[in-house]
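*Asks:* sequence and computational prediction follow.
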Amino acid sequence: MSLLILSGFEANGMAGLLADDRLANGLNIPAAAIATGQTAQTASALMHASATDPNVMQQQLSSLNQPPSVIKIGAVFDVATAQVIANWLSTLPHRPTVVLDPVGLSSGDHRPLSTMTLGERLAPLLPWVSLLTPNTDEAKALAGTTESVQILRVLQAQYDFRGTLLLKGGHSVSEQDDVVTDELLVPDDPRRWQLQQPKRLSKLRGTGCRLSTAIACALTDGYALTDACVLGSAVLHRYWRLAPKPTAPGWPDTLSDYPVVSTDTHPTSPDRTFPALDWPSGLYPVVDSAQWVQRLANTGIRTLQLRIKHARSDVLSDQIRQAIEIANAHQLQLFINDHWQQAIELGAYGVHLGQEDLDTADLAAIANAGLRLGISTHGDTELLRALALKPSYLAVGAVFPTQTKDMSGQIQGIGRLRRYVRLSKGTPVVAIGGINVQNLADVLDTNVDMVAVVSAVTASTAPERDAHLLNERVMRCRH
Ligand SMILES: Cc1ncc(COP(=O)(O)OP(=O)(O)O)c(N)n1
Ligand SMILES: Cc1ncsc1CCOP(=O)(O)O
Ligand SMILES: [Mg+2]
């Protein structure tokens, strides 16, 4: 994956191309860069702004060694620049992911960069954009409103915009607010995602430039779009926290740099916490029948999950009831996957829910019944959303490719698992997906608390022996 930055030049590196390139370098993402124009700026005034000659721009775009997979576009000073970029985009062999920061006003002096309206300047580019990152002033200039759903509708209807909207709330906070809320609207996802950070007390130039560049860097590093937005927010927070000192290379691994993530379907509830696990370590086999619970009950494992995908409701209830009886007799922590109502009714130890289940499950009912809650996560956005719900554990997956479930596009790898373990300090982390006797050492090296497996136990020729041995290895490492 390769990154191209297209933004205006500002000589001090407060904003624009120099700031973007420095940030990308700090994140270890090399980028090609072309100046869309020249500016002269002080910390408080914009003295000059002019576009690069369209012919020069055209030639620079054609001179690139390789077509970029991700492009960050910052200031676009006139419609000719936008047209040149759009024409060039239409010649590329693969459509790149385009992040457009619709720079409208210089945050320092509030003088417009051009006499054309923002919409007029950006119109040729908007159909190409995968992520648009306006602040509320820029959104108002583009769409005539500051309400996120309305903005998206206007952009779709007037500019053939098909991408995701990240509406930055920093320009609309009041004196009383102590948090800034960015809203993320993904087409075809009815939820509104909210990313909240503490209000910054000191003003820094170039925050919009840096945010969109950090997002483009995360995309270049292979992160999904919403995860890239979360990482961008964390990079910006870390930058603000440490400026003017340079930041450590790579993605932030301090939770307080990350936004609090929630959706309107599940606002966080500060008073609700799910009970802690009694044994927050060890092997965690995931099985599909009460018979399996019985087979594994005397192997030394302390945690099990009953994951039944297709069964008549009477058979399902019967299986859950039997599994709970066996688990209680052997002091096992038994989690029921998906079927949270039956888990409550039949008095299970806990419930395991996926992200989709979270939107419909009654979390208050689960908490009030005293059940533990485990939540599946597949990336930064889901991890932070799940953390904000204060579960008993978080599952991160799939760590490796697996034959057991279609997890394409959701493989996390060891590096991300390690960062997620650090971010989740205080909440046990369960690793799942493709884990076996060969790769277990790498998984344990991330400091994960528990290791969930399906096939390593259920497809083994000696399931009881392997469950015992794998559990011993996980337990040894955790003590
Ligand atoms: C420990 C653990 N982690 C993740 C999963 C996956 O759960 P979910 O996302 O709900 O998907 P299904 O298992 O329902 O297909 C899990 N079951 N257990
Ligand atoms: C249910 C599930 N969720 C994420 S990966 C996975 C399957 C894990 O199975 P295996 O341990 O056989 O790879
Ligand atoms: Mg599920």
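*Replies:* Thanks, I have it. Residues are numbered from 1 along each chain as shown. Ligands and ions are numbered 1, 2, ... in the order given.
*Asks:* count of neighbours near whichever residue of the chain sits closest to ligand 3?
*Replies:* Nearest residue of the chain to ligand 3, counting by C-beta to the ion: Gly354, 3.8 Å away. The way it works is simple: take the backbone N, C-alpha and C, and place the C-beta from them, glycine included. Gly354 has 16 neighbours, counted by other C-beta atoms under 10 Å.
*Asks:* what residues does the chain put near ligand 3?
*Replies:* Asn337, Asp338, Gly354 (C-beta under 5 Å from the ion).
*Asks:* and the closest residue to the first one other than its chain neighbours, what does it touch?
*Replies:* In other words, Asn337. Leaving aside its sequence neighbours, Asn337 sits nearest to Arg307 (C-beta to C-beta, 6 or more residues apart in numbering; 3.9 Å). Counting by C-beta atoms under 8 Å, 6 or more residues apart in numbering, Arg307 makes contact with Val286, Val287, Asp288, Asn337, Asp338, His352, Val454.
*Asks:* next one: Arg307 from ligand 1, what distance?
*Replies:* Going from Arg307 to ligand 1 by C-beta to the nearest ligand atom, to the nearest Å gives 5 Å.
*Asks:* oh, and call the first residue 19 from now on, that's how I've got it
*Replies:* Yep, numbering from 19; the last one is Arg325 now.
*Asks:* give the contact list for the residue in the stretch 269-418 of the chain that ligand 1 sits nearest to.
*Replies:* The stretch 269-418 of the chain approaches ligand 1 most closely through Gly372 (2.5 Å), counting by C-beta to the nearest ligand atom. For Gly372, the contacting residues are Asp356, Ile393, Ser394, by C-beta under 8 Å, 6+ apart.
*Asks:* am I right that the last one is in contact with Gln373?
*Replies:* When you say that, I think you mean Ser394. Yes. Ser394 is within contact range of Gln373, at 6.3 Å (criterion: C-beta atoms under 8 Å).
*Asks:* which of these two has more neighbours?
*Replies:* Between Ser394 and Gln373, counting by other C-beta under 10 Å, Ser394 is the more crowded of the two (23 against 16).
*Asks:* let's see the strand or helix carrying His486 as CSV, backbone CA atoms only.
*Replies:* Taking DSSP states H and E as the criterion, His486 maps to helix 481-496. This file holds the C-alpha atoms of helix 481-496, laid out as CSV (Å, rounded to 0.1, in the frame of the first residue of the first chain):
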residue,chain,number,x,y,z
PRO,A,481,-9.4,-33.5,22.7
GLU,A,482,-9.2,-34.0,26.4
ARG,A,483,-5.4,-34.4,26.4
ASP,A,484,-4.9,-31.4,24.1
ALA,A,485,-7.3,-29.2,26.1
HIS,A,486,-5.3,-30.1,29.2
LEU,A,487,-1.9,-29.5,27.7
LEU,A,488,-2.9,-26.2,26.0
ASN,A,489,-4.5,-25.0,29.2
GLU,A,490,-1.3,-25.8,31.2
ARG,A,491,0.8,-23.8,28.7
VAL,A,492,-1.5,-20.8,28.9
MET,A,493,-1.7,-21.0,32.7
ARG,A,494,2.1,-21.3,33.0
CYS,A,495,2.6,-18.2,31.0
ARG,A,496,0.1,-16.2,32.9
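*Asks:* which of the contacts of Arg325 has the most neighbours?
*Replies:* His370 (28 neighbours).
*Asks:* quick check: the gap between it and Val417.
*Replies:* 17 Å (C-beta to C-beta, to the nearest Å).
*Asks:* interface residues of the protein facing ligand 1?
*Replies:* By C-beta under 6 Å from any ligand atom, the residues of the chain that approach ligand 1 are 302, 304, 323, 325, 355-356, 370-372, 375, 392, 394, 413, 415, 423, 448, 450, 470.
*Asks:* run the last query once more with 5 Å
*Replies:* Asn355, Gly372, Ser394, Ala413, Val448, Ile450, Ala470 (C-beta under 5 Å from any ligand atom).
*Asks:* contacting ligand 2 as well, which ones from these?
*Replies:* Okay, of the residues of the chain next to ligand 1 touching ligand 2 (C-beta under 5 Å from any ligand atom), that's Ile450.
*Asks:* among the residues of the chain next to ligand 1, which lie within strands?
*Replies:* Asn355, Ser394, Ala413, Val448, Ile450, Ala470 (DSSP state E).
*Asks:* how about low-confidence regions in the stretch 369-497 of the chain?
*Replies:* By pLDDT under 70, the low-scoring segments of the stretch 369-497 of the chain are 497.
*Asks:* repeat that for the stretch 19-168 of the chain.
*Replies:* In the stretch 19-168 of the chain (pLDDT under 70), the answer is 123-132.
*Asks:* rewinding a little: of the contacts of Arg325, which pair is most distant in space?
*Replies:* Taking C-beta to C-beta as the measure, these span a maximum distance of 14.9 Å, between Asp356 and Val472.
*Asks:* show me where the stretch 269-418 of the chain has strands.
*Replies:* Shown for the stretch 269-418 of the chain, the strands assigned by DSSP state E, counting those that start in this stretch span residues 278-281, 300-305, 321-324, 351-355, 368-371, 390-395, 411-414.
*Asks:* neighbouring strands - and their directions - for the second one?
*Replies:* Paired neighbours of strand 300-305 in the sheet (DSSP bridges): strand 321-324 (parallel), strand 468-471 (parallel).
*Asks:* ok, now which ones touch Ala98?
*Replies:* So Ala98 contacts Ala69, Pro72 (C-beta under 8 Å, 6+ apart).
*Asks:* mind telling me what element it is part of?
*Replies:* With DSSP H and E as the test, Ala98 turns up in helix 97-107.
*Asks:* equivalent analysis for Thr57, please.
*Replies:* Applying DSSP H and E, one finds Thr57 within strand 49-59.
*Asks:* how about that strand as PDB, C-alpha atoms only?
*Replies:* Output in PDB follows, covering the C-alpha atoms of strand 49-59 (Å, rounded to 0.1, in the frame of the first residue of the first chain):
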ATOM      1  CA  ALA A  49       4.500   9.200   1.300                       C
ATOM      2  CA  ALA A  50       4.800  10.800  -2.100                       C
ATOM      3  CA  ALA A  51       3.700  14.400  -2.000                       C
ATOM      4  CA  ILE A  52       2.600  17.200  -4.400                       C
ATOM      5  CA  ALA A  53       1.900  20.800  -3.400                       C
ATOM      6  CA  THR A  54      -1.600  21.800  -4.600                       C
ATOM      7  CA  GLY A  55      -0.600  25.500  -4.000                       C
ATOM      8  CA  GLN A  56       1.600  27.900  -2.100                       C
ATOM      9  CA  THR A  57       0.600  29.800   1.100                       C
ATOM     10  CA  ALA A  58       2.400  32.400   3.300                       C
ATOM     11  CA  GLN A  59       1.100  32.100   6.800                       C
END
